[in-house]
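1. Here is my input, please return the structure:
(one chain, ligands or ions: 1)
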Amino acid sequence: MNQEQQSLLLRSASCFPLPPGAKFSYGTSGFRANASLLESTVFRVGILAALRSIQTRSVIGLMITASHNEVSDNGVKLADPSGGMLTQSWEPFADSLANAPDPHSLLQLLDDFVKKENIILEASPAAEVLLGRDTRPSGETLLEATKQGITSIMGATASDMGILTTPQLHWMVRAKNKGIEATEVNYYDQILASFRCLLDYVPQGNSSKNVSDKLIVDGADGVGGEKLEKMKTRLGYLTIDVRNCGDGVLNEGVGADFVQKEKVVPRSFGPADAGMRCASLDGDADRLVYFSVLLNSNKIDLVDGDKILSLFAVFLKEQLGILNGPEDGKSNKSYQPSLGVVQTAYANGASTDYLKQLGLEVALTPTGVKYLHEKAAEYDIGIYFEANGHGTVLFSDNFLSWLEIKKQELSLKSKDQHKAALRLLAVSRLINQAVGDALSGLFLVEAILKHMGWSIHKWNELYQDLPSRQLKVKVVDRTAVITENAETKVVNPAGIQEAIDAETVIYPKGRCFIRPSGTEDVVRVYAEASTQEAADSLANSVVRLVEQYLGFGRS
Ligand code: G16
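-> Okay, the predicted model is just below:
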């Protein structure tokens, strides 16, 4: 690092001192904290993004958001050149950088890191970082601090893409690095064109059966509702009523996280909506759940990420079956694409059983899209979803190239197989290949329901969820909880796993685990059992164990 670069870094870093006593950790999905603490963090992540751009010779994405967290929080996460999450190998450096006590130690860390990673600043092509932010009021100030971080690496540029959903930014990074025009309009065009294409191939007879053309969407008072308003004017089929579009407080009594955890109607929904097909996005629109309001009640029938995964799996398996043709030996079996699904320990046990009965390979990873995405990329078609509604479908390049060729062949041979190929190609363009995306997920759900001729109730009957309960516990130090086996077993504090096991065996179909959240300062407790009372009782007993082993107070 030359003298000029060093002085630039020292000068700008001195404007963003580390708040006293603060300790930051990259977590499940980047840094998150109360927004008032984050200026130094976003400044430093800006530097990191510029370095990553130089090292990969590609465009990097930086998103200012705290997604499902309360409005007073904010956060920052990075998108790698593929549009996926920042490589995990850089997370420890991100942690050190965020916690460097003063500008000189920051400079030392940077100097050591660029040497270790062989990043030659002066001789490198200019770095480019695409910036996005959600609607949080703190976003604008934090974005300015981020820009200062990026431009304190000489020659690096920050391209502000404005207010976006997190998945839109990831999509743009991926598109730009593939040489495709990365505008918001392109994003809408691609989704809506492939949505229409799927509707064109809905089997005759299914199109009008059972499926209402009305959908009500809870926008969580975040960015997703606003974007959906733009898209809905361009739909032929489907009337979307978007509620909670930014007038109320972000994520407060609204949004996918609230709906999925509390299982009650979000604000602005009520008895008049009973039985309708409803969906809920989270604050930055990377999560999607569906629900229907129960008659004369504030309760809902939840259709969560597991059910979205199951719907996608049924449809994609059906299309692969048609594509493979009849089992008469005459069909072309030159290539057997692999189809796999990925879940976490939060997946309802009934969903995992259902997927296995479908004959699918089900893999389990720790919580966090970064883990699920990596696993799903091992298949030709990899479907991953967290129960909280975060997920997507990945298609391998090999499979897509094969499909393009196959499509030509089939156009002369078999109408049905040709349509199956066209549908699969449309899905690969519709569903975000970079990261879980509530908007593209929503349009895929809508197209598949139309294809199947299924109402939300019919969809929900694919299997019956086991009753479950999720609670959070505030403890003295959540990092004292260490887990293994995809978070299904606690190895520290010693003895707590045995105590959880002893409690769990009391309940028929009991299953329970705890893990430290990577986005909030809490320990999460998940329990399921054969009845709701039993799931509640198991979760409450385990909350008491957590308090006993780790110290005080439920959140
Ligand atoms: C993020 C991650 C998700 C994760 C969720 C909760 O979602 O992207 O993969 O499930 O946090 O994580 P934790 O239980 O560790 O707090 P979002 O929508 O908040 O970005």
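2. Give me every residue in the stretch 451-555 of the chain lying close to the ligand.
-> S517, G518, T519, E520, R524 (CB under 6 Å from any ligand atom). In short, each C-beta sits where N, CA and C put it, glycine included.
3. How confident was the prediction at the second one?
-> G518 carries a pLDDT score of 90 in this model.
4. Flag the shaky bits of the stretch 351-500 of the chain, pLDDT-wise.
-> Flagging of the stretch 351-500 of the chain using pLDDT under 70 yields an empty set of residue ranges.
5. Please enumerate the strands of it.
-> Ranges of strands in the stretch 351-500 of the chain, per DSSP state E, counting those that start in this stretch, are 361-364, 381-385, 391-395, 468-473, 482-484, 489-492.
6. least trustworthy helix or strand in the chain by mean pLDDT?
-> Within the chain, no helix or strand scores below helix 397-413, which has a mean of 91 by mean pLDDT, DSSP states H and E.
7. Report all helices and strands that that helix contacts.
-> Where contact means 3 or more CB pairs under 8 Å, 6 or more residues apart in numbering; DSSP states H and E, helix 397-413 is packed against helix 415-430.
8. so how far is the helix it packs on off the chain centroid?
-> 25 Å (CA atoms, centre = their mean, to the nearest Å).
9. tell me which parts of the stretch 51-200 of the chain are close to the ligand?
-> Residues of the stretch 51-200 of the chain lying near the ligand (CB under 6 Å from any ligand atom): S67, H68.
10. same thing but at 8 Å, please
-> Within the stretch 51-200 of the chain, the residues that sit near the ligand (CB under 8 Å from any ligand atom) are T65, A66, S67, H68, N69, K77, T166.
11. can you list the weak-confidence ranges in the stretch 101-250 of the chain?
-> Residues of the stretch 101-250 of the chain that meet the criterion pLDDT under 70 lie in 123-124, 206-209.
12. isn't D218 right next to C278, touching?
-> Yes - under the contact definition of CB atoms under 8 Å, D218 touches C278, with a separation of 6.9 Å.
13. Are there residues contacting both of the two? Which ones?
-> With contacts taken as CB atoms under 8 Å, 6 or more residues apart in numbering, D218 and C278 have F269 as neighbours in common.
14. can I get the residues of the stretch 451-555 of the chain next to the ligand in CSV with secondary structure and neighbour count?
-> Below are those laid out as CSV (DSSP: H, G, I helix; E, B strand; the rest coil; neighbours: other CB atoms under 10 Å):
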residue, secondary structure, neighbour count
S517, coil, 18
G518, coil, 17
T519, coil, 20
E520, coil, 20
R524, strand, 23
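15. For Q548, state which of those is nearest.
-> Proximity of those to Q548 (CB to CB) peaks at R524, which lies at 16.9 Å.
16. beta partners of that closest one?
-> K472, R515 (DSSP bridges).
17. so what's it up against?
-> Counting by CB under 8 Å, 6+ apart, R524 has contacts Q470, L471, K472, V473, I514, R515, P516, S517.
18. Could you check the pLDDT of it?
-> In this prediction, R524 carries a pLDDT score of 97.
19. Just the closest residue of the stretch 51-200 of the chain to the ligand, please.
-> Of all residues in the stretch 51-200 of the chain, S67 sits closest to the ligand, at 3.3 Å by CB to the nearest ligand atom.
20. so is the closest residue in space to that residue that isn't next to it in sequence in a helix, a strand, or just coil?
-> Of all residues not flanking S67 in the chain, D284 sits nearest, at 4.7 Å (CB to CB, 6 or more residues apart in numbering). What DSSP: H, G, I helix; E, B strand; the rest coil gives for D284 is coil.
21. from memory D284 sits against D134, does it?
-> Yes - the pair D284 / D134 is scored as a contact, 4.6 Å apart, by CB under 8 Å.
22. The residue of the stretch 51-200 of the chain closest to the ligand - how many residues pack around it?
-> Number of residues near S67 (other CB atoms under 10 Å) recorded here: 29.
23. show me what contacts it?
-> With CB under 8 Å, 6+ apart, S67 has these contacts: S29, G75, D134, T166, D282, G283, D284, D286, R287, T519.
24. try it again with 10 Å
-> By CB atoms under 10 Å, 6 or more residues apart in numbering, the contact set of S67 is 28-30, 32, 73-75, 77, 134, 166, 220, 222, 251, 255-257, 282-287, 390, 519.
25. Leaving out sequence neighbours, find the closest residue to P203.
-> Distances taken as CB to CB, 6+ apart put H451 closest to P203, at 6.9 Å, once the chain neighbours are dropped.
26. Can you name the residues that contact that neighbour?
-> For H451, the contacting residues are L198, L199, Y201, V202, P203, N206, S207, V211, F315, E318, Q319, R423, by CB under 10 Å, 6+ apart.
27. same question, T483
-> Per CB under 10 Å, 6+ apart, neighbours of T483: A345, P366, T367, K489, V490, V491, N492, Q497, F513, I514, R515, P516.
28. what's the answer for P101, then?
-> P17, L18, P20.
29. Now do the strands in the stretch 51-200 of the chain.
-> With DSSP E, counting those that start in this stretch as the criterion, the stretch 51-200 of the chain has strands at 59-64, 73-79, 128-133, 157-163.
30. model confidence over the first one, on average?
-> Regarding strand 59-64, the rounded mean pLDDT is 98.
31. helices or strands next to it in the packing?
-> Strand 59-64 is packed against helix 39-56, strand 73-79, strand 128-133, helix 139-151, strand 157-163, helix 166-177, with contacts defined by 3 or more CB pairs under 10 Å, 6 or more residues apart in numbering; DSSP states H and E.
32. What pairs with the fifth one, parallel or antiparallel?
-> Pointing back at strand 157-163 there. Note on strand 157-163: by DSSP bridges, its sheet partners are strand 128-133 (parallel).
33. picking that back up, surely the residue nearest to S67 touches V223?
-> Yes - proximity of D284 to V223 meets the contact threshold set by CB atoms under 10 Å, at 6.1 Å.
34. Give me the more crowded residue out of the two.
-> The neighbour comparison of D284 against V223 (other CB under 10 Å) goes to D284, with 34 against 28.
35. Return the residues in contact with that one.
-> D284 is in contact with 63-69, 75, 77, 132-136, 164-169, 220, 222-224, 250-251, 255, 438, counting by CB under 10 Å, 6+ apart.
36. again, 8 Å this time
-> So D284 contacts M63, T65, S67, D134, T165, T166, G222, V223, G224 (CB under 8 Å, 6+ apart).
37. Likewise for C197?
-> C197 neighbours (CB under 8 Å, 6+ apart): L422, A426.
38. Can you give me the distance of it to I180?
-> 18 Å (CB to CB, to the nearest Å).
39. just R196 next, same as before
-> Distance of R196 to I180, computed by CB to CB: 19 Å.
40. the more surrounded of those two?
-> Higher neighbour count among R196 and I180: R196, with 17 against 13, using other CB under 10 Å.
41. Is the nearest residue to that one once chain neighbours are set aside in a helix, a strand, or coil?
-> Distances taken as CB to CB, 6+ apart place G236 nearest to R196, at 6.8 Å, with adjacent residues excluded. The assignment at G236 comes out as coil when based on three-state DSSP.
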